[in-house]
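Participant: no sequence on this one, just coordinates:
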């Protein structure tokens, strides 16, 4: 049985390999906080610490959605941040890989739908992959990135087949 360190190392190397296979380059992610408690944000931030260090494998968080390949959204969408999420989504280039991080982003979490909260991210923008948890572990977030890359590759392949 592999240790936690070995499993994490294998996951990171798999991520690097899949990025090169699917995108042919590094992966740029734009984080969007649509009303989170910051628990998921802290776990996302953990991905850049010395233990996970996904930047070493070609994953980087960028400041502009125009530079991003993927949007990672945390938190249920609040009434006041709905417009910011929509503007960020519209500014991102095609195809738009949206990953909902955490229970709130996936379905509203403990808040659900209220007068001030729309619930999950999919109520406002389409979602590629859901990463549940409150908050999800960094390994789960990496798995979510891998699933998004797989889905991206599948949709790209299907579009290519439809062109012929």
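Facilitator: Arrived safely. Predicted, not measured: the structure shown is a model, and the values here were computed from it. Numbers count the residues shown, from 1 in each chain.

Participant: Can you name every helix or strand that the top helix by length along the chain contacts?
Facilitator: Secondary structure of the chain per DSSP state H: the longest helix is helix 138-163. If you count contacts as 3 or more C-beta pairs under 8 Å, 6 or more residues apart in numbering; DSSP states H and E, helix 138-163 packs onto helix 4-22, strand 27-33, helix 39-46, strand 70-74, strand 97-101, strand 129-131. Just so you know, the C-beta spots here come from the backbone N, C-alpha and C atoms, and that holds for glycine as well.

Participant: As CSV, the ones you listed with mean pLDDT would be great.
Facilitator: Shown next, in CSV, are the helices and strands packed on helix 138-163 (pLDDT from 0 to 100):
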stretch, mean pLDDT
helix 4-22, 83
strand 27-33, 96
helix 39-46, 95
strand 70-74, 97
strand 97-101, 97
strand 129-131, 97
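
Participant: Tabulate those (CSV), appending distance to residue 149 and mean neighbour count.
Facilitator: Putting the helices and strands packed on helix 138-163 into CSV (distance: least, C-beta to C-beta, whole Å; neighbours: other C-beta atoms under 10 Å) gives the following:
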stretch, distance to residue 149, mean neighbour count
helix 4-22, 5, 14
strand 27-33, 8, 21
helix 39-46, 17, 19
strand 70-74, 9, 27
strand 97-101, 8, 25
strand 129-131, 9, 23
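
Participant: Make JSON lines out of these and add distance to residue 85.
Facilitator: Shown next, in JSON lines, are those (distance: least, C-beta to C-beta, whole Å):
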{"stretch": "helix 4-22", "distance to residue 85": "25"}
{"stretch": "strand 27-33", "distance to residue 85": "6"}
{"stretch": "helix 39-46", "distance to residue 85": "15"}
{"stretch": "strand 70-74", "distance to residue 85": "7"}
{"stretch": "strand 97-101", "distance to residue 85": "10"}
{"stretch": "strand 129-131", "distance to residue 85": "16"}
